[in-house]
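Asks: Quick one: sequence and predicted model below, then my questions.
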Amino acid sequence: MIRVLITGASGFAGHYLLGLLKCSPKTEVFAAYCTHRVPDWPARRQVRLDLTRRESAREAVRKIRPHEIYHLSAQSIPRLSWQMQAQTTAVNTAGTVHLLEAVREHAPRARIMFASTNQVYGRTFRTKPCLKEDDLQWPENPYAATKSMAELACFNFAAVHDLDVVIARPFNHLGAGQSDKLVFSDWCRQVAMAEAGRQPPVLGVGNLDATRDFLHVEDVVRAYVLLMKKGKAGEAYNICTGRGRLLKQYVHYLLSRARVPMKFKVEKSRLRKDDPRVMAADPRKIRRLGWKPRKTALNALDDMLEYWRGKVRA
């Protein structure tokens, strides 16, 4: 049996990755969580893992001796990273180092797929229209900076200690179950609330003139599995479509799906003027491995809206 460990298994993407892997033959998947156990997952294959503690990482890896590790655990909300800089660093950077040290000591032949972020490019998005994996990392918020430092740790452990690490740089991904601390889920929640008569039929939004490349979360976790199988050790891969849309287009689509007439209103409190106008990258490297999206961000918006309709009715 191939033993698989997923860190951050109780999180948004972790939930979808578990669903994808649970039917894999000859695979035993262990779900690691920090505070909240994973619903509907066998208790014997759940493990509490606090990556901010070195000994917790060592104990989990020593106990499971995984062959494959999907490292998804993170404080992943950029806006909150400004308010929680020490905690974000402890989880995203130190936590990754603790995991790498544990793997080197107890499972040195394991393959690690590290979920980074497109935001490591940061200011470089302002200098080029479409970025490749070897373009400069120039993070502009604490979340991106901690992911960039974690990437450097992965590259270092791969080069110095011969660990088998591959890095994913996904663009923003959407789907049912995403936190409403993130913008698209918040929009869907607002629409569901307006449909239920629990808020005025006005969608509060921020800057809609930015162009972004969004993905369905199911396509992202498929990319993770592909990188685990085919990605080259010590290298990074953009996960994106290579095509963006104006945020305004997503808003118009969402309002067209609303069951009550709605308008949108730009609210000053939601504006982030320092964001790059365009964030786009080249997906050809991962496409050469055989990946391409099967769904669209609009499909994901439909899923999220139905999810929030259910939550509001409950």
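Replies: Here it is on my side, so go on.

Asks: Would you mind measuring from the closest residue to residue 115 other than its chain neighbours to residue 55?
Replies: Spatial nearest neighbour of residue 115, excluding adjacent residues (Cβ to Cβ, 6 or more residues apart in numbering): residue 72 at 4.8 Å. C-beta here means a position set from N, CA and C on the backbone, and glycine is covered the same way. Separation of residue 72 from residue 55 (Cβ to Cβ, to the nearest Å): 21 Å.

Asks: One more: residue 73?
Replies: According to Cβ to Cβ, residue 73 stands 16 Å off from residue 55.

Asks: Those two - which one has more neighbours?
Replies: Neighbours were counted for residue 73 and for residue 55 using other Cβ atoms under 10 Å; residue 73 has more, 25 against 10.

Asks: can you give me the strands in the chain?
Replies: Under the criterion DSSP state E, the chain contains strands at 2-7, 27-33, 46-48, 68-71, 111-115, 164-170, 173-174, 202-205, 211-212, 215-216, 236-239, 245-246, 263-266.

Asks: Pipe the ones you listed into a markdown table and attach distance to residue 293 and mean pLDDT per row.
Replies: Shown next, in a markdown table, are the strands of the chain (distance: least, Cβ to Cβ, whole Å; pLDDT from 0 to 100):
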| stretch | distance to residue 293 | mean pLDDT |
| --- | --- | --- |
| strand 2-7 | 22 | 98 |
| strand 27-33 | 24 | 97 |
| strand 46-48 | 31 | 96 |
| strand 68-71 | 20 | 98 |
| strand 111-115 | 17 | 98 |
| strand 164-170 | 12 | 98 |
| strand 173-174 | 10 | 97 |
| strand 202-205 | 25 | 97 |
| strand 211-212 | 15 | 95 |
| strand 215-216 | 6 | 98 |
| strand 236-239 | 9 | 98 |
| strand 245-246 | 14 | 95 |
| strand 263-266 | 27 | 96 |
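
Asks: Same list, those, but as TSV with mean neighbour count and distance to residue 89 please.
Replies: Shown next, in TSV, are these (neighbours: other Cβ atoms under 10 Å; distance: least, Cβ to Cβ, whole Å):
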stretch	mean neighbour count	distance to residue 89
strand 2-7	23	17
strand 27-33	21	20
strand 46-48	16	22
strand 68-71	26	16
strand 111-115	25	16
strand 164-170	23	19
strand 173-174	25	23
strand 202-205	18	31
strand 211-212	18	26
strand 215-216	22	27
strand 236-239	26	21
strand 245-246	16	33
strand 263-266	12	33
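
Asks: Give me the phi and psi for the spatially closest residue to residue 181 that is not a sequence neighbour.
Replies: Nearest residue to residue 181 in three dimensions, chain neighbours excluded: residue 77, at 5.3 Å (Cβ to Cβ, 6+ apart). Phi and psi for residue 77, reported as degrees, to the nearest 10, are phi -110, psi 110.

Asks: Contacts for the helix or strand of the chain with the lowest mean pLDDT next, please.
Replies: The helix or strand of the chain with the poorest confidence is helix 78-81; it has a mean of 93 (mean pLDDT, DSSP states H and E). For helix 78-81, contacts defined as Cβ atoms under 8 Å, 6 or more residues apart in numbering pick out 75, 88, 119, 141, 142, 143, 144, 146, 181.

Asks: Could you do stretch 56-68 as well?
Replies: Applying Cβ under 8 Å, 6+ apart, the contact partners of stretch 56-68 are 2-5, 30, 32, 47-51, 95, 98-99, 101-103, 105-107, 109-113, 228.

Asks: again, only this time at 7 Å
Replies: Residues outside stretch 56-68 that contact it (Cβ atoms under 7 Å, 6 or more residues apart in numbering) are 2-5, 30, 32, 47, 49-51, 98-99, 102-103, 105-107, 110-111, 228.

Asks: now stretch 44-53
Replies: Contact with stretch 44-53 is made by 7, 28-34, 37-38, 56-57, 60, 64, 73, 90-91, 94-95, 98-99, as judged by Cβ under 7 Å, 6+ apart.

Asks: count of neighbours near residue 16?
Replies: 22.

Asks: how near is it to residue 128?
Replies: Computed as Cβ to Cβ, the residue 16 to residue 128 distance reads 31 Å.
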